[in-house]
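Asks: Prediction below, plus the sequence it came from.
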Amino acid sequence: MFLFYLVNFIGLSYFLFKKRTFDFFSLTFFSQLIYFIPGFFGTTNYMIGRDIIEDTIVDGTYVILILFTIFLLLFTFIYDHSKFSSYCENKIYKVNSIISEMMIAISLVTLVSIISTNGLLFFILEKKDLMEYVSSNLLLMETTTSIATVVAFLEKKKLILLLGFGILFIDIFIGFRFAFVISLVAILFIYANNLGKIRLVSFWKFGLFMVFLAYFVILLKQFLYGFKFGFSDYSLQQFQTLAFYKNALIHSEPFVIMSILNEVVKNNFTIQFDNILVVLKMFPFMESIFNLETTDYNQLFQPALFPYVNYGMANSIFAQFFSMGGYLFVIWFIFLYFCILFLGNSYLLYSKYSKSIVVLLFSMQAFYIYRNDLLYQITLEKKYLVIFLIALLLNYLFKNVIIELSKKRVLGNEK
């Protein structure tokens, strides 16, 4: 536990006081502080009914957390001494596309379609029940809204930005936080990245705002449930107590995710090695060619390790790789993960139209990967990438084919 504190203190000191550009390594470090927060308490917990089940974090779990932070610091140090870090002024491209307009139009049409089809069910059902009615449409709305919002921020289109966040707030109200959180993370990343080389400690007010914002997102679930289904007298009293705000933190999602990793390590839970083949889902037609039977990691560990938990506990990618091949596989995954982030940092310097999707995809990796398994992470990123590429193609056709044809027609008429 002492070593865990030490490597995180070294990391925090480096990222706060080193003059450097806020990049995906920076985002990863501050994200892991959130998801590794149980490590600072030394315990994990999860709910069974109304009972809280607590457990002590075992040494084997700390080994994985420490390895991740050490690799992060090593790759950050290497990147900071590479030719890419000497690129001190980040290029801010002036891009004017119709991508945000297309995406927000699809979002609005999808939202209207969902509401007109399902009526008040859209607002009163719990999210697990709601997904039975609007699963695919809702995912399309979330994806297109996220892309529209980030592109609108890059291109300074305020109306689309406001519309985007309006739709995302509706999404939050019905019980889904992911699209809002990842869009906000991407926008804040762009803002911080565009500041160039800075010492983060000199922006301590902004940092403090970010801490409160992260805590607010944690509290959202409790507050919105009350708004949606009505506040009881008991819940209203709880909101006025200090214990409620403390418990909201120590019983938040990171503690559940850490429970998964801790139980997997403690019980040496194993799965078949061929689970790694889900990576082939990144490529078109591979699933049908190889006849892949993809299984969510949650369906493997939860019935075995948490049989009495009656809700979905999400996943832990560290636990998944540990189950496939122990610490060796975890180290292999961590190494590849930071190689990919290194490439993401490098590509970001030269991206133009693709900057929005690069930031979105790598924000998912840097911020969101801790609570996913490999299958879900690949499916999620592939969905965003495919929709963006379609939008990029349509944008190209509109600006370089339709407009050019229109110009030629006008010139022909003038002649």
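Replies: The structure has been received and is ready for your questions. Numbers count the residues shown, from 1 in each chain.
Asks: What residues sit buried inside the single longest helix found in the chain?
Replies: When the chain is parsed with DSSP state H, its longest helix is helix 317-348. Under the neighbour-count criterion of 16 or more other CB atoms under 10 Å, helix 317-348 has 317-325, 329-331, 333-334, 337-338, 341-342, 344-346, 348 buried. For every residue, glycine as well, the C-beta is placed using N, CA and C.
Asks: all strands for the stretch 101-250 of the chain, in order.
Replies: Along the stretch 101-250 of the chain, counting by DSSP state E, counting those that start in this stretch, strands occupy 197-198.
Asks: What's the mean pLDDT across the longest helix of the chain?
Replies: The average of the pLDDT scores along helix 317-348 is 93.
Asks: Using just helix, strand and coil, how would you label Asn310?
Replies: coil (DSSP: H, G, I helix; E, B strand; the rest coil).
Asks: And Ala314, by the same measure?
Replies: coil.
Asks: ok, it - contacts?
Replies: Contacts for Ala314 (CB atoms under 8 Å, 6 or more residues apart in numbering) come out as 253, 256-257, 260, 298, 371-372.
Asks: contact partners of stretch 96-110?
Replies: Against stretch 96-110 from outside (CB under 8 Å, 6+ apart): 137, 140-141, 144-145, 147-149, 151-152, 155, 157, 160, 163-164, 167, 353, 356, 387-388, 391-392, 394-395, 398-399.
Asks: Distance from the chain centre to stretch 74-88, please.
Replies: Its chain's C-alpha centre and that of stretch 74-88 lie 24 Å apart, by CA atoms, centre = their mean, to the nearest Å.
Asks: That stretch: which residues count as buried?
Replies: 75-76, 79-80, 84-85.
Asks: Likewise for stretch 50-68?
Replies: 55, 57, 60-62, 64-68.
Asks: could I get these as CSV with secondary structure, distance to Phe17 and pLDDT?
Replies: Shown next, in CSV, are those (DSSP: H, G, I helix; E, B strand; the rest coil; distance: CB to CB, whole Å; pLDDT from 0 to 100):
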residue, secondary structure, distance to Phe17, pLDDT
Asp55, strand, 36, 92
Ile57, coil, 29, 96
Gly60, helix, 32, 95
Thr61, helix, 29, 96
Tyr62, helix, 26, 97
Ile64, helix, 27, 97
Leu65, helix, 23, 97
Ile66, helix, 22, 97
Leu67, helix, 24, 97
Phe68, helix, 22, 97
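Asks: Can you show me the helices along the stretch 101-250 of the chain?
Replies: 121-124, 127-154, 158-173, 178-193, 204-229, 233-239, 242-250 (DSSP state H, counting those that start in this stretch).
Asks: among those, which gets the worst mean confidence?
Replies: helix 233-239 has the lowest average pLDDT among those, namely a mean of 58.
Asks: hmm, back to that, quick one: which of the helices of the stretch 101-250 of the chain is nearest Thr28?
Replies: With respect to Thr28, and counting by CB to CB, the nearest of the helices of the stretch 101-250 of the chain is helix 178-193 at 11.0 Å.
Asks: Now do the contacts for Leu168.
Replies: Taking CB under 8 Å, 6+ apart as the test, what Leu168 contacts is 145-146, 149, 179-180, 183.
Asks: Next, format those as TSV and append neighbour count.
Replies: Formatted as TSV, the contacts of Leu168 follow (neighbours: other CB atoms under 10 Å):
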residue	neighbour count
Thr145	28
Ser146	32
Thr149	33
Ala179	22
Phe180	23
Ser183	25
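Asks: ok, back up a step: now for the longest helix of the chain, which elements pack on it?
Replies: Other helices and strands packing on helix 317-348, by 3 or more CB pairs under 8 Å, 6 or more residues apart in numbering; DSSP states H and E, are helix 24-35, helix 59-80, helix 253-267, helix 297-305, helix 355-363, helix 374-397.
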